[in-house]
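> Return a 3D structure for these sequence lines:
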Amino acid sequence: MKRFLIPLLALFMLALLPAMAEQATVTLAEPLQGVYTWPEGSTEADALYVYRYSYPQLEGDSDVAQLINETYRYAVDDALGFEVPMLASGMTPGDPQKVVSIRHEITCHTAEHLSVCIIKEVAVGGESITVVSGHVFSLKGSNAGRITNLPVYMGLLDADETDEWLITRQTAKADKLVRSLVWAQMEAEGAAMGLYDDLTYEEVEAGFYPEEDFYLTAEGDVCFYFQAGVVAPEEQGLITFTFPMWYLLDEL
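Predicted coordinates for the structure are as follows:
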């Protein structure tokens, strides 16, 4: 009986491999968060300038975790060391309070990628604007721990490619493909989506950079986005277009 047990066990382990491969290889930790107020010693209620932030962090001391964590630690250090104090010190008593709030959403977490949306809202005197940034981190391979762009994610470029001509060519190919697909959907559904009536392809081309303006959905599809106010009235919020990877590759 034992001679049959080992082959059966091997087959059982092989059957588990696809499921194991889908499990996340990094674990989320407590976020990196804090509040800065100006003038020094003021509270959030009476400060002229308030800066709140919450960025993702990962558990452990693996190279991948350290690189991703450092990406956001650097963002905080850079903001608090230069941008925030400079903007805050330019305010004077009587100015309406300015509140900058940065939060994050994990949109996809697999063994291969971690996708994060950073949402930055700036509110002054009852008015506010929101800007979204998509960060797709590779968790495996030579680019592990670093933000990947669309040509690399689609397999059009190696993460460590240094040939500037090839990088430019493949990036332009990816951008052209996505812009054409997005524009076709805009022409077909623009009215239902609330887009500007007089929107032109040239405006889309000028305000949309597919190689960077994307994140991954929970299903692993690629979601491209336009900031509020770019292709539709600002009250429409973020305008998104989602495509499965197989569809993008099939349209190349």
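
> Strands of the chain, residue ranges please.
32-38, 49-55, 98-109, 113-124, 127-138, 214-216, 222-226, 239-243 (DSSP state E).

> tell me the centre residue of the chain?
Geometric centre of the chain, nearest residue: residue 134, 1.5 Å, by CA atoms, centre = their mean.

> Who are the contact partners of that one?
107, 115-118, 212-215, 223, 225 (CB atoms under 8 Å, 6 or more residues apart in numbering). Bear in mind the C-beta positions are built from the backbone N, C-alpha and C, glycine included.

> what do you get if the cut-off is 10 Å, keeping everything else the same?
Contact analysis of residue 134 by CB atoms under 10 Å, 6 or more residues apart in numbering lists 107, 115-118, 147, 212-216, 222-225.

> now residue 146
Residue 146 touches 64, 67-68, 71, 135-138, 152, 159, counting by CB under 10 Å, 6+ apart.

> Closest one of these to residue 173?
Closest approach between the contacts of residue 146 and residue 173, by CB to CB: residue 152, at 12.7 Å.

> right, and that closest one touches residue 113 too?
No. Residue 152 lies out of contact with residue 113 (CB atoms under 10 Å); the separation is 11.1 Å.

> Are there residues contacting both of the two? Which ones?
136, 138.

> between those two, which one's more packed in?
residue 152 (25 against 17; other CB atoms under 10 Å).

> quick one: pLDDT of the residue nearest to the centre of the chain?
What the model reports as pLDDT for residue 134 is 98.

> repeat for residue 23
50.

> now the one 3 residues further on
The predicted local confidence for residue 26 comes out at a pLDDT of 90.

> With the one 3 residues further on instead?
What the model reports as pLDDT for residue 29 is 97.

> I'd like the mean pLDDT over the top helix by length along the chain, please.
Counting by DSSP state H, the longest helix found in the chain is helix 164-193. Summarised as a single mean, pLDDT over helix 164-193 is 96.

> Give me the angle between that helix and strand 239-243.
Per axes from the mean of the first three to the mean of the last three CA atoms, to 10 degrees, the angle that helix 164-193 makes with strand 239-243 is 120 degrees.

> Buried residues, helix 164-193. List them.
167, 170-171, 174-175, 177-179, 181-183, 186, 190 (16 or more other CB atoms under 10 Å).

> ditto for stretch 114-128
Buried-residue list, stretch 114-128, by 16+ other CB under 10 Å: 114-118, 123.

> per-residue pLDDT, the nearest residue in space to residue 55 that is not next to it in sequence?
Among residues not flanking residue 55 along the chain, residue 72 sits closest, at 3.6 Å (CB to CB, 6 or more residues apart in numbering). You'll see residue 72 listed with a pLDDT of 98.

> just checking, residue 72 touches residue 56?
Yes. Using CB under 10 Å, residue 72 is in contact with residue 56, at 6.7 Å.

> Identify the contacts common to the two.
What both residue 72 and residue 56 touch, as defined by CB under 10 Å, 6+ apart, is the set 31-32, 104, 116, 118, 135.

> Please report the distance of residue 133 from residue 139.
19 Å (CB to CB, to the nearest Å).

> Neighbour count: these two, which is higher?
residue 139 (21 against 17).

> and that one, what does it touch?
Residue 139 neighbours (CB under 10 Å, 6+ apart): 24-26, 58, 62, 64-65, 68, 109-114, 145.

> How about residue 179?
Per CB under 10 Å, 6+ apart, neighbours of residue 179: 201, 204-205, 208-210, 224.
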